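A.B. asks: How does the following fold in three dimensions:
(2 chains)
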Amino acid sequence: MAQCVQSVQEFIQDSFVPMVAVLCSEDAEKVTRKNNLNFSELLRPFCRLTSEGHMRDPSNQLQVVKNLRISVNNVVTRPSVPSSGVPGHAHRRLLSEVVLTCQPAEGGVANVITAGDYDLNISDRSLKASVPWYSDWRDTLTELSTSKHYTATTPWFEAYRESFLQSMPASDHEFLNHYLACLLVVSSSEAVPVEKFLKLSQEQHRIQHSGEYTNPKWFIPNTLKYYVLLHDMSQGDEQRADSVYEDMKQRYGAQGCYLLKVNSRTAAAGADEQIPDPWSQYLHKSSLQTPVVVNNTAVENNVGGTSEVDGHDSEEKGSLDNTHPLQLDTPSDTPGSLDALRAVAVETKPPPLTTGVAAATSHGACLTLNDHDRIRLFIQEFTFRGLLPHIEKNIRQLNDQLVSRKGLSRSLFSATKKWFGGGKVPEKSIAELKNTSGLLYPPEAPELQIRKMADLCFLVQLYDLAYSCYHTAKKDFLSDQAMLYAAGALEMAAVSAFLQVGAPRPYPAHYMDTAIQTYRDVSKNMVLAERCALLSAEVLKSQAKYSDAATLLIKMTSEDSDLRSALLLEQAAHCFINMRNPMVRKFAFHMILAGHRFSKAGQKRHALRCYCQAMQVYKGKGWSLAEDHINFTIGRQSFTLRQPENAVTAFRHILTNDSQQTSTQQGAFLREYLYVYKNVTGACEVALPQLPLPCINSSATRVYFGHERRLAEGEKQAATHVSLDQEFDRDLAAMWQDLEEQVVAAAKRGVVPATFQSTQCCLNSQTDNLRFPLAVVEEPIIVEVVFRNPLKVPLVLSDLSLLWKFTLKDFNRPQTQEDSVGDAVPISNEKEASVPRVRVCVTFVSINFFCLIPLCLLPQARLKLLPHQTGQLNILGLVYNLGTSVRGRQDLEIQGPRLNQTKEEKTSVSHGPDRRLDPTITPPMPLLEVFFLQFPTALLCGEIRKAYVEFCNMSRVTLCGLRVASTHPDFFTFGSSSLATPLTPLSPTSFENCSAYKTLATPPGATPGSVAAVTLVSEGDFGSGTGLRGGVSGAGTGGKGITEIPLGEGTLKPGESTQLPMWLRGPDQEGVHEIHFLFYYESAEKGGKISHRVLRHTVFICASRSLSVRATACRSNTLPEEEEEERNGSMLVFVDVENINSSEAGVREFHIAQVSSSSKQWRLHKCINPAEDKDCKLTSRERGKLCFRATRCKPLQAEKYTFADLSLGNELIITSTTPCADFFFRRCQPLESLRPPVAMETQGRHSRSQGVGHGGGDKDIAGVVRKCNEVDLDIIILWKAFVVEDNKQVILEGQLHVALQTIDKEACSLTPKEEAQEMVLLKFKPELPPPMTRPSMEQLSHLIKTNLQYPESYSHPFNQKRYLCMVPVTLTLSNCSLAQVDVIIDLRHKTTSPESLEVHGSFTWLGQTQFKMQLGAQEVMRVQLRACFLHAGVYNLGTPRVFAKLADQGAMCETSQQTATPALIIIINST
Amino acid sequence: MAVCIAVIAKENYPLYIRSVPVQNELKFHYTVHTSLDVVEEKISAVGKAMADQRELYLGLLYPTEDYKVYGYVTNSKVKFVIVADSSNTSLRDNEIRSMFRKLHNSFTDVMCNPFYNPGDTIQSKAFDSMVSAMMVQAS
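C.D. replies: Prediction:
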């Protein structure tokens, strides 16, 4: 609330004080003028009496008059305020200036009120800055504020109230501000002072009684005249003055005159003496018409183009002020208001300071402290000796009059009225109600006498008496229907009731309400109504009836005076917040209303303050429309008050909020904001200010290092690398990082350096931005900024450029201390002026025009920097033009990811650094560009295609160490580095055919497929070598898939480019394959900050099905040929080939051109196909079968791979060269690594134990057993496909691999789709370890291969004397394993089936029927048997049972070996 | 019929405000916001112990020159405010009551929506259409 300086009692007392007039002679006036004061002003500071006075009331009781104040005024005969109740222009202006000059004190104690969840700072200090006139009044204000114990919260209101009450016009219905006495002042320097006194006295009499003047009004006909002789100590003769005074005493009595001596000090004498100046605080309010103040206010209020102040000129103020308080300015009137703003902006002249100020401030220059005391004494003397007795006398007189009349006239009067006036009253009341001023009592009317007495009593604090008199008067007036008089009496009755000591009756608030209503509605006298309301509100507030007070105050607001309405609304608002339950929102609302009225009244500063206070309630509470409105108003007011910073802040709030305004409204806001903003920036040219729009999503900022790339250049296809158009994919990034790690490990000989950091070309929110990124000099840095337009209107940005800071550093020089200090002068482009110098270091490309569509993300602003020198670059922010001409900046501040490692980090919210925008510029590095030529997009599975790769070094630095890593290393090959293939001379025809393979024409006449050409190749010769060498040793994963690229001398000189062939092989699985290449290279100059660079490439290959190859290896049961040295070294290989190509690929047919084998142990020997068609053709969905015989290689060749080529066509493809062998070896790698490591281990151990002897153990047996079933033979099927493409037949070539591992087990070129794996049941328990691998019965049954040798048919003459036919049969046993095997041959054993027993014509074995023997490793043994037949017929000789067990496994029982196929013999009776 | 209907969250920020003369939206925002003071006063007037049996309907909060403002507070302290035209004399207390009841039911439906996040502004179409049914048809 408005805390007042005075208490309520004091305030009311001071509002009604005895009035004393002053009539002054010219000479006396001259005396006082020396002090820059007139006589009444001279007295004013001393008008409050400090001592108590005494007087007797009519009942002759002594009453104490305390703390009395009198008001001394010059007699002014012209009316200051017309009595009509409408305050005059000058009056309004005076009040307005009073309010204007009284602004909240700067730096006052913050008055914080806590209401609910609101903390309101009521006397906010934020607004008091830069008051242009402030310095002039500083002294007075500080004096004012320090002279009181506490400061009022709304001093302007009190100032207003005080001047309002002081300037109340005297009216006829009351006497309170009628003059009670008159001081007649004559100077002692006058020739004949007494005559002068006489003259003045006559003058007074003339003024009062001649009837010429309505003003001033006089209380009582015989006004007290008090004669004052003013003596100037510095000039006049003191003795003469004394003598005149003596004379006066004789004439007027000692109590009717006074000798006042002033001006004891000569102006020259004590200039340095400090004399308190008590006048200033009294005078500045009343002497506002001095030119100084008018000047200042003119500046303050020239918004409307006039210096008029109050509500009169509100009409001229244009649309801004005429709008509804709660209406946002519609767009239609914004141009007008903009003009208004412009008008203000133009006028920026400082207020002219008048020199008169200094003179005006020095009051009382000729007065000493003694003089002050004399004046004080004079007032006291006058009051106690002159005034109070005078009043006392008059009260007594009036009282006597009334008492004497009471008995008779009063009752008579009322009686006559009762009897005779019966018909008169209603008639009169109607008349009165319509025209109240019609009824005027004559000045000497008895009703007025009561009122007069009441007023007198009130003035001298006899409140009891006053109340009863007012009460009586009220009744009289009411019965006469004299409404104005009645209202006056009611008002004063209420006030005096309140002021009675001890409060015998409650404060009659309804009196006041009636009075206000009457004044306002009946008498139309707003001034009186206002006075009444002010008093009443004050009383109500003192009784804590804030709600009533607020209602009362709000009722008093009206259209006729904006200033009054504003002040009262503000007070009402303060009432709301002082309630027991503070009504914060009502406070805020009424503050807004008050602010609006203030602004209409031209009190801009107060208006702004009101809005700001209301803002505290609305801020951040979700009431966005209201908040916008307040912010908008604050912005405008601030701007007109020339606080553009505040204005910009306020406007910014409207624009950055997620506004609910309509688009037109937003457009208006934006325009206004831009206009204000432009003015701000125009004024201060220090640094570009921050713009709020559009929103920058700084965390989405991406930074790209490197050139913008074109993906295709003619038929060349550039490596895709990384670009800003690609979305970030976490999995992909991890994959690239993994690849890079592999290739770095390969380059650094298997060890990844501890400082390894994967190369990141494009930084975004998901990448690791903890380190300063490294950029290379002369390579651009592209920053992509993501904007968001929160508004519904389009925003136009232009001239975007980056703001950066650069610190020069030379990385090549050894970093000494001086260097770093000397170079560390940061260069920045923050100031436009420094740009030319800066261009040396960094050039930047800006975007010229950029339009942001409403409510839309537009992430397309890409800005480029090109560093020319090494150093540290910091990208700070963006500079751009918003709208047409407003230039500003926005900083890019990126918060790093939230830290969540340690406990403190988890419990608190802390963020790591993000160095995305702080690249370090390093010395030049090589820059590789890779182009692909004739690179296919679709391939058949297994198809071989030749393409070319071009490597270019785009930089000025030599490049070396080029390597490539890929996710699909089996997809491509660059050929073997050594190319040591002397066995295969280059055939010229092969190039003509465009075959990817090296071929040899088969010698004419040779039957295709008859004999295999054999070559021996060691694995290391092929391109995969580097990787494998590392890989074989153990790690396996580390170096796999890394290929060194065979450059000419291992380096690429600057600007040089080289083309290399590259073979591709379609993936085995059909579908679309995403194949990633990572090219790795280093600078030839070591020691740079960047150890290596990479280039990424991704291709998509669509693979369609070609052939499906299934192969099976069988042990051949036929006896080895005679010439074969190698024992049991033959095997049959069956190859099933099926065309599974879907016809839409355009493949007409496949030819199997050649079948090759590659193994360390086996080789294909010859084709034993019975078919005549040499060239195997397969059309769609056709299946063919091929049959081959394989033999073991010679033992010494075991370390090398044997490639055996069996051509089915007319040319021989040499598979042991690039690219066929390359792909073969590349294909092997995954297979080898797929094999369970246990198997590898056992193999190794087995081979060891072979030499040492047989160790024993289950694993060993298993190994041995498995070994004997193992074949390690890879079949390579080379095919040709005839494809019709654009009516042209194209021959495609390809190769498929089948790895045969186990005898009798089918192997397929396509790995079966593992669909089952996708549906694995969730396992909650750890899997049981697999049981010990014991060789199964099935495996053990393959240890020994048996073979029966016998004649196919045997003739025997049965009918001759020999009845028994004996046939020799040889049983060949060959040990397939590499261990010793115990073998039991049981001939007796018969088939257990009963039927076979019955079979007629069984035969028997003769001789030894059971053999026991031991077979060494791979030993072949023949056993001679004899079979005995009784009849001719066909017999199955395959009855011998062979049991075998490993020799050293005593505990094991023998396992029955696989029975051979039925061995049929035909016994012919030869007779 | 109402000219403005508002739903205010427990923390006194608007969940939903709709008013019929669109050009005067701001004024209604101010009116509703200011009425919260009266609502709070009325709630606090009821004693703590009686809070459970408190009548949800608060009645006329205050009349302004042109409008009457009615209030209703749910047990979860969500406030409903209906502003009606003063000139509309046909509007009785009972009708206001039933309007509030309908509003409350509809609001409950909104709250029951599992996809509604309590505290968000209400964007339900059903609620919107129910509110429009209660508003003065702007013609």
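
A.B. asks: Spatially nearest residue to whatever residue of chain B ends up closest to chain A (excluding sequence neighbours)?
C.D. replies: Of all residues in chain B, residue B:13 sits closest to chain A, at 3.1 Å by CB to the nearest CB. Backbone N, C-alpha and C define where each C-beta goes, glycine included. Take residue B:13 and drop its neighbours on the chain: the residue closest to it by CB to CB, 6 or more residues apart in numbering or on different chains is residue A:622, 3.1 Å away.

A.B. asks: how about the one you found, phi and psi?
C.D. replies: Note on residue A:622: backbone dihedrals following degrees, to the nearest 10 are phi 90, psi 0.

A.B. asks: Also residue B:70?
C.D. replies: phi -110, psi 150.

A.B. asks: Could you do residue A:534 as well?
C.D. replies: phi -60, psi -40.

A.B. asks: ditto for the one 3 residues further on
C.D. replies: Backbone geometry at residue A:537, expressed as degrees, to the nearest 10, gives phi -60, psi -40.

A.B. asks: so how many other residues sit close to it?
C.D. replies: 25 (other CB atoms under 10 Å in any protein chain shown).

A.B. asks: Report the residue spans of chain B with pLDDT below the cut-off.
C.D. replies: Scanning chain B for pLDDT under 70 picks out B:47-53, B:137-139.

A.B. asks: who touches the residue nearest to residue B:13 in this structure?
C.D. replies: Neighbour list for residue A:622: B:9, B:13, B:14 [criterion: CB atoms under 8 Å, 6 or more residues apart in numbering or on different chains].

A.B. asks: With neighbour count, secondary structure and distance to residue A:965 as new columns, can those be given to me in TSV?
C.D. replies: Putting those into TSV (neighbours: other CB atoms under 10 Å in any protein chain shown; DSSP: H, G, I helix; E, B strand; the rest coil; distance: CB to CB, whole Å) gives the following:
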residue	neighbour count	secondary structure	distance to residue A:965
B:9	18	coil	58
B:13	15	coil	57
B:14	22	strand	60
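
A.B. asks: and the gap between residue A:921 and residue A:701?
C.D. replies: 19 Å (CB to CB, to the nearest Å).

A.B. asks: Now stretch A:809-828: average pLDDT?
C.D. replies: The predicted model assigns stretch A:809-828 a mean pLDDT of 48.

A.B. asks: May I ask which helix or strand encompasses whichever residue of the stretch 751-900 of chain A sits closest to chain B?
C.D. replies: Proximity of the stretch 751-900 of chain A to chain B (CB to the nearest CB) peaks at residue A:792, 15.6 Å away. Using DSSP states H and E, residue A:792 sits in no helix or strand.

A.B. asks: cool, the one 5 residues further on as well?
C.D. replies: Assigned by DSSP H and E, residue A:797 belongs to strand A:795-808.

A.B. asks: Burial check on the residue nearest to residue A:1059 when sequence neighbours are not counted, number of neighbours?
C.D. replies: Nearest residue to residue A:1059 in three dimensions, chain neighbours excluded: residue A:950, at 4.8 Å (CB to CB, 6+ apart). Residues lying near residue A:950 (other CB under 10 Å) number 17.

A.B. asks: Which strands or helices does the helix or strand containing residue A:950 pack on?
C.D. replies: Element membership of residue A:950, judged by DSSP H and E, is strand A:943-953. With contacts defined as 3 or more CB pairs under 8 Å, 6 or more residues apart in numbering or on different chains; DSSP states H and E, the packing partners of strand A:943-953 are strand A:928-933, strand A:1051-1052, strand A:1057-1065, strand A:1288-1302.
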